Structures are given as C-alpha cells and as structure tokens.
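**Q** let me see the structure of the following:
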Amino acid sequence: MKAKIYRGLLLSILLLMLSSCHSSKKELHIYSWSDYIKPSLIEEFEKQFDCKVILDTFDSNEAMYAKLKAGATGYDLIFPSSYFVELMHKQGLLQKIDSDLIPNLKYVDLSYPIPGGDKALQLAVPYMVSYAGIGYRKDKVQDLYPSWEVFARTDLRGRMTMLNDVREAVGAALKSLGYSLNTIDDIQISAATSTLIKWKRNLAKFESEQYKNGIASAEYLVVQGYNGDLIQVMQEDEKVGLLYPQEGTSISIDEMVIPKHAEEVELAHHLINFLLEPKHAAENMEFIFFVSPNTGAYEFLSTKIKSNPAFFLPNEIRQRSEVIRDLSENNILYIQAWETVKEAQ
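**A** All right, here's what the predicted structure looks like:
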C-alpha cells in the first residue's frame, strides 16, 4: 500500500515538473497590425528559438499609442509607423536597438527615409513600406479617375470608406488641394478639413480593417486603403482594382521597435534579425504584399510579384508622394482637424 502511495506521489511530482518545464518556455509578446507576419514564419521562429509568440493587434497608430500612454506593458516588440516612432522616442517609450544582436541589419535599404535621421538604426528597424491607394470594384465602377476627388462623388454615396487615421484621411484631402500632407499651415489644414467633411457625407464610414472584406463582397465600391491589403484581395478577386492617385499619396514605413518595459529583449532582437533574413523577408512580402526595404530580398521574389504593376509605386506618382512625418507640437493641428471632421454631420 505504501509503495502505491509512494509511486502515486512520485508520478504527481513528475507531472508537476513537466508542467513547470512546459510553462517556463519563453513568451515573446508582439503588438502589431493584423495579418502582418506570415504564420509559418512565426512557427519556424518558435521552433528555432524554443519559444511561444503571443500576438496582439491594433487597427491604427493612434489606438496603439493611446494604449501605451495609458500604461499598457507586457509587449516585447511593436510595429508602429515611422512618424509615431519619433513621437514614442521623444516621450521615452522606447529602448535602443543593440545592433550586435542583429547582423542582418546590413540588408536594410537606407535609401528609404529613416525617422529622425537614425541611419544607425538605434531606435527602430524598418519592416515594411506601405502606400495609401484607391481600391475599387472594376465591375461596378468603370469610370474611375485616379484622384482623391473620387470621394466627392455623390453617386457612390454610402458605398465608400476612408481610413480611420487622421494623417491618412486629412492627408488625402490636403493632396487633393495640392498641399503637402505634412503642412502646418492653418489655412491649408482648414481647407482640407472642409474638403474632408464634404467627402464624409459620401462615406459609409471611416475604418481601417473591414474595407478588405467590404471591397471583396462589393459592400463597398471604392475604398482608401493600403497597397498590401488591397493586393491581397486582388489575388483572390480579379474584379478588384487598385489605383494610385495622380496628386500623389502617403508613404509610410512601419518599423520594429522594442518598448521601454520589454521583458524578452534578447528574443525580440532575434525576431528582428529573423525577419530581416532576405529569404524570410521575401516570403513575408509574398504573403502580405507590402514592400520590404530589404536589399537582399528582391532576388527571392517570384516573377508574379516582380511583374505586378500595383506592387511598386510608379515613379511619377512616387515623385509627388510624401513620407508622413511626426510634426511634434504641431500634431495638435491635425488632432483638432480630425475632431472637427468626426463631429461634423
């Protein structure tokens, strides 16, 4: 009897030890946009580094920033857009990148604008480049001119959406008027605000996540969206098209940053290095359809991607486009404009 009890206790102890070993596996907590890393790459990373990746998502830079400012901790790696990197750095929310842990930094294409002129990549590492464009249903809207003015069309009222992002939405209105999307001129921002309010009356809503499903189902006929998101839809539905507005558009570089209170700092560095591996970067590009600023990735891309005219921003449009920048204390001008737009009927 005692032997049975002893064996039972021993078995319980062994099970507890196994459970303890299992729970001790490191966890890397990521805060990112949805569908932004190919799942099989995450699985490969987990196997290689014997860890578990926990992914939390946000649908706008503003939502991500507000959560961090409110005191949210527990994230080890975050993927904000470059203009928010500058803001987060100024407010002490980030820690420096250790380049010694990321040998693949050599593949980062420094010809792209780097936030704050951080060519040494001490604060952030470029991940993907996105452009705002106009997605549309080719089977429903045949006479679409490539201009932000499409949102002024009353015949499409209730069947269009714009991004729920102050800099993207106000920026589109600014570009339509021939102004810089980084302007701090009160008169220009006021004019863009009035334009955006007029457009708002034709929109179903401002939103940044469901437009992909909406354009695919034809619930929406015209949407302001990001190149990668819309190209994903185009791969599955030839009735969906993508145009870049002739006035120019926004260029946004999403970065990889390590927050100040990260717990798995070394593991976060390992994931950055893993994603910068040219083959992995190319594989990611083929999955999410955004452009990776990685000098070694292009040779691994398929001919299908290389020959897709929507994948890369046309040179003539790129010359009229701008990188969204942090405007420091002048950000309030855009916040006030956005509040005015949201309150308008």
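**Q** what packs against the strand ranked longest in the chain?
**A** The residue-count maximum for a strand in the chain (DSSP state E) belongs to strand 125-137. When contacts are defined as 3 or more C-beta pairs under 8 Å, 6 or more residues apart in numbering; DSSP states H and E, strand 125-137 sits against helix 166-176, helix 211-217, strand 222-226, helix 227-236, strand 240-243, strand 250-256, helix 265-276. Just so you know, the C-beta spots here come from the backbone N, C-alpha and C atoms, and that holds for glycine as well.
**Q** can I get the CA coordinates of the helix or strand containing Ser190 in PDB?
**A** Per DSSP states H and E, Ser190 falls inside helix 186-200. Extracted in PDB, the C-alpha atoms of helix 186-200 (Å, rounded to 0.1, in the frame of the first residue of the first chain):
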ATOM      1  CA  ASP A 186      -3.600  76.700 -40.600                       C
ATOM      2  CA  ILE A 187      -5.300  77.900 -43.700                       C
ATOM      3  CA  GLN A 188      -4.300  74.800 -45.700                       C
ATOM      4  CA  ILE A 189      -5.400  72.400 -42.900                       C
ATOM      5  CA  SER A 190      -8.700  74.300 -42.500                       C
ATOM      6  CA  ALA A 191      -9.300  73.900 -46.300                       C
ATOM      7  CA  ALA A 192      -8.500  70.200 -46.100                       C
ATOM      8  CA  THR A 193     -10.800  69.800 -43.100                       C
ATOM      9  CA  SER A 194     -13.700  71.400 -45.100                       C
ATOM     10  CA  THR A 195     -13.000  69.100 -48.000                       C
ATOM     11  CA  LEU A 196     -12.900  66.000 -45.800                       C
ATOM     12  CA  ILE A 197     -16.200  66.900 -44.200                       C
ATOM     13  CA  LYS A 198     -17.800  67.100 -47.700                       C
ATOM     14  CA  TRP A 199     -16.300  63.700 -48.500                       C
ATOM     15  CA  LYS A 200     -17.500  62.300 -45.200                       C
END
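**Q** other SSEs contacting the host helix or strand of Ala281?
**A** In this structure, Ala281 sits in helix 278-288 according to DSSP H and E. Contact partners of helix 278-288 among helices and strands, from 3+ C-beta pairs under 8 Å, 6+ apart: helix 39-49, helix 265-276.
**Q** make it 6 Å
**A** Packed against helix 278-288, as judged by 3 or more C-beta pairs under 6 Å, 6 or more residues apart in numbering; DSSP states H and E, are no other helices or strands.
**Q** check which residues of the helix or strand that it is followed by are buried.
**A** Proceeding N to C from helix 278-288, the next assigned helix or strand is helix 303-306, under DSSP H and E. Buried residues in helix 303-306, counted by 16 or more other C-beta atoms under 10 Å: Ile305.
**Q** try stretch 247-265
**A** In terms of neighbour count (16+ other C-beta under 10 Å), stretch 247-265 has its buried residues at 247-259, 262, 264-265.
**Q** about what we covered before: relative to helix 227-236, how tilted is the helix holding Ala281?
**A** Helix 278-288 runs at 70 degrees relative to helix 227-236, counting by axes from the mean of the first three to the mean of the last three C-alpha atoms, to 10 degrees.
**Q** per-residue pLDDT of the nearest residue to Phe58 once chain neighbours are set aside, please?
**A** Closest residue in space to Phe58, ignoring its immediate chain neighbours: Met64 at 4.2 Å, by C-beta to C-beta, 6 or more residues apart in numbering. pLDDT recorded at Met64 is 95.
**Q** coming back round to it: which residues touch the longest strand of the chain?
**A** With C-beta atoms under 6 Å, 6 or more residues apart in numbering as the test, strand 125-137 has contacts from 108, 144, 168, 215, 218, 221-223, 225-227, 230, 239, 241-244, 249-256, 272, 290-293, 313.
**Q** now do the helix or strand that that strand is followed by: which elements does it pack against?
**A** Counting by DSSP H and E, the next helix or strand C-terminal to strand 125-137 is strand 160-162. Contacts defined by 3+ C-beta pairs under 6 Å, 6+ apart place strand 160-162 against strand 203-206, strand 222-226.
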